[in-house]
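> Fold the stuff below for me.
(2 chains)
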Amino acid sequence: MRRRFEALTEGLLRAGVAPRHVRRYVTELDEHLTDLIAEVRTSSLEPAAAIQRAETLLGGDEELVQAMLERAPRRSLTASAPWAVFALSPTLLFVFAIVAIDSAMIRLLSPLPVVAPDQIPVGYRLLIDFASLLVNDLVGAVLVVTCVVLALRQRSKSVWLWTGLGMIALARSALGFHVNASGNAGAMTYSAIDLVFTRGHPNLAATLVLAGVRSAVFFGVAALAYLVLRKKLVPVNG
Amino acid sequence: MARDPNPNFMAGVPELMILRLLQEREMYGYEIVQAIREETGGVISFGEGVVYPVLHGLEHDGALTSRRKAVSGRSRQYYTVTATGTQRYRQLAQTWTSLTDAIRLALKGASHAPEI
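Numbers count the residues shown, from 1 in each chain, chains lettered A, B, ... in the order given. Predicted coordinates for the structure are as follows:
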């Protein structure tokens, strides 16, 4: 019976009503309709006619949506401030995470003696690998998944999600946790920017090109995942 | 008893009726709508589903609380009036009483008006 309220659900979500309020409303409408059908069936109406009569008594989708919007207008933050949810917050969170993790890693690695990269003790190696995975892959992925889920739940306009994904992709490509080593003892350094070195010197153009390519790939994968999920989960007329 | 829905849901009336009914006992949405229909002799009727935004609005304002309860194998959301709700009911009832008295007075005055 929930499919009967699909259009109503979509209408309310697109109008910005928080998903949990929509869910509760639809649950109670569903239960009310069950009771109405049971009542109307005691009359002499045919079953199909009884269901139709019960649905008329419950109210049309437009009336039910309007009643909700007029009397209990609770727009979610995602609907009322999409710029904050999709663009500002994820970018700030990403930068904050990078700064926090990089700072922690610098403190944790400070006792590490100055050695060539292939001579780093196993424990420190694992720590560096974990930090790299966390900062360079997981944080960005978690933020992207969060944005996609929020956009799908609230049926948000795509432009905000694209903006957010783009900003996360750029931030992720520019910042991270990187171990730069030239192979010589005493030449190992850590940085938040993944610099491309040519002939032992940082190459800005190559660094920017690499960052651009990574951003584009990351954005493309995230956008594709969102489009596939939207096609599966959001009704056609939604 | 007529059950064709009226197009307008009179402002203030649903809240007043709901708060009045819940003074007696906790009820769920379908029960509330049926009770309104019975107590008003079918004069007040509306698309029944619109009772829920009113209930949610009253709960948001602190006039009601709700809980899910299973009765006879069926789970329903039951609403109870709070002290805030009782106070609001008294205010609404007083407002409507004053309003109806004023209208009754005006109509009584009109019925004495000379015919042109």
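> Quick one: name the residues of chain B near chain A.
Within chain B, the residues that sit near chain A (C-beta under 8 Å from any C-beta of the partner chain) are B:3, B:5, B:9, B:28-30, B:33, B:46-50, B:52-54, B:56-57, B:60, B:74-77. Where you see a C-beta, it was placed from the backbone N, CA and C, and this is true even at glycine.
> Out of these, which sit inside strands?
If you go by DSSP state E, the residues of chain B next to chain A have B:Y28, B:R74, B:S75, B:R76, B:Q77 in strands.
> By mean pLDDT, flag the weakest helix or strand of chain A.
Scoring the helices and strands of chain A by mean pLDDT, DSSP states H and E places strand A:188-191 at the bottom, with a mean of 64.
> Just the closest residue of chain B to chain A, please.
B:G47 (2.6 Å; C-beta to the nearest C-beta).
> got the residue ranges for the strands in chain A?
Assigned by DSSP E, chain A shows strands spanning A:178-181, A:188-191, A:197-198, A:201-202.
> Leaving out chain neighbours, which residue sits closest to the residue of chain B closest to chain A?
Nearest residue to B:G47 in three dimensions, chain neighbours excluded: A:G59, at 2.6 Å (C-beta to C-beta, 6 or more residues apart in numbering or on different chains).
> thought the one you found was touching B:G49?
Yes. With contact defined as C-beta atoms under 8 Å, A:G59 counts as touching B:G49 (4.2 Å).
> joint contacts of those two?
Counting by C-beta atoms under 8 Å, 6 or more residues apart in numbering or on different chains, the shared contacts of A:G59 and B:G49 are A:A67.
> More neighbours: which of these two?
Applying other C-beta atoms under 10 Å in any protein chain shown to A:G59 and B:G49 shows that B:G49 carries more neighbours, namely 27 against 23.
> Can you tell me the centre-most residue of the chain?
As the question left the chain open, I've gone with chain A. In chain A, the C-alpha nearest the mean C-alpha coordinate belongs to A:C147, at 1.9 Å (C-alpha atoms, centre = their mean).
> think we crossed wires, I meant chain B
Central residue of chain B (C-alpha atoms, centre = their mean): B:M17, 1.9 Å from the mean position.
> wait, doesn't that one sit right on B:R37?
No. Distance between B:M17 and B:R37: 10.0 Å, which falls outside the contact criterion (C-beta under 8 Å).
> where exactly do the helices run in chain B?
Per DSSP state H, chain B carries helices over the ranges B:13-22, B:29-39, B:51-60, B:83-111.
> show me the contacts for the closest residue to A:T91 other than its chain neighbours.
The shortest distance from A:T91 to any non-neighbouring residue, by C-beta to C-beta, 6+ apart, is to A:M167 (4.6 Å). For A:M167, the contacting residues are A:A87, A:P90, A:T91, by C-beta under 8 Å, 6+ apart.
> repeat that for 10 Å
Contacts for A:M167 (C-beta atoms under 10 Å, 6 or more residues apart in numbering or on different chains) come out as A:F86, A:A87, A:L88, A:P90, A:T91, A:L92, A:F94, A:L143, A:C147, A:S215, A:F219.
> Could you report the distance from it to chain B?
To chain B, A:M167 is 34 Å away according to C-beta to the nearest C-beta, to the nearest Å.
> Quickly note the distance from that residue to A:S43.
59 Å (C-beta to C-beta, to the nearest Å).
> same check, this time on A:T9
Distance of A:T9 to A:S43, computed by C-beta to C-beta: 29 Å.
> Please say which of those two ends up with more neighbours.
A:T9 (23 against 9).
> Could you pull up the residues touching that one?
Applying C-beta under 10 Å, 6+ apart, we find A:T9 in contact with A:2-3, A:17, A:19, A:22-23, A:25-26, A:29, A:61, A:65, A:155, A:235, A:238.
> Just give me the neighbour total for the nearest residue to A:G60 once chain neighbours are set aside.
Closest residue in space to A:G60, ignoring its immediate chain neighbours: B:G47 at 7.0 Å, by C-beta to C-beta, 6+ apart. Look at B:G47: counted by other C-beta under 10 Å, it has 21 neighbours.
> interface residues of chain A facing chain B?
Within reach of chain B by C-beta under 10 Å from any C-beta of the partner chain, chain A has these residues: A:5, A:8, A:21, A:24-29, A:31-36, A:38-39, A:53-74.
> can you tell me how far the residue lying closest to the residue nearest to the centre of chain B once chain neighbours are set aside sits from B:L55?
Closest residue to B:M17 apart from its sequence neighbours, by C-beta to C-beta, 6+ apart: B:I36 at 4.9 Å. The span separating B:I36 from B:L55 equals 12 Å under the rule C-beta to C-beta.
> Smallest gap between chain A and chain B, at which residue?
A:G59 (2.6 Å).
> Run through who's touching stretch A:30-44.
A:1-2, A:4-5, A:47, A:49-59, B:28-31, B:33-34, B:48-49, B:51-52, B:74-77.
> Please disregard the earlier target; I meant stretch A:123-135.
Stretch A:123-135 is touched from outside by A:94, A:97-98, A:100-102, A:104-105, A:108-109, A:111-113, A:115, A:117-121, A:138-139, A:142, A:172, A:175-179, A:190, A:192, with contacts defined as C-beta under 10 Å, 6+ apart.
> Give me the nearest residue to A:A171, chain neighbours excluded.
A:F94 (4.8 Å).
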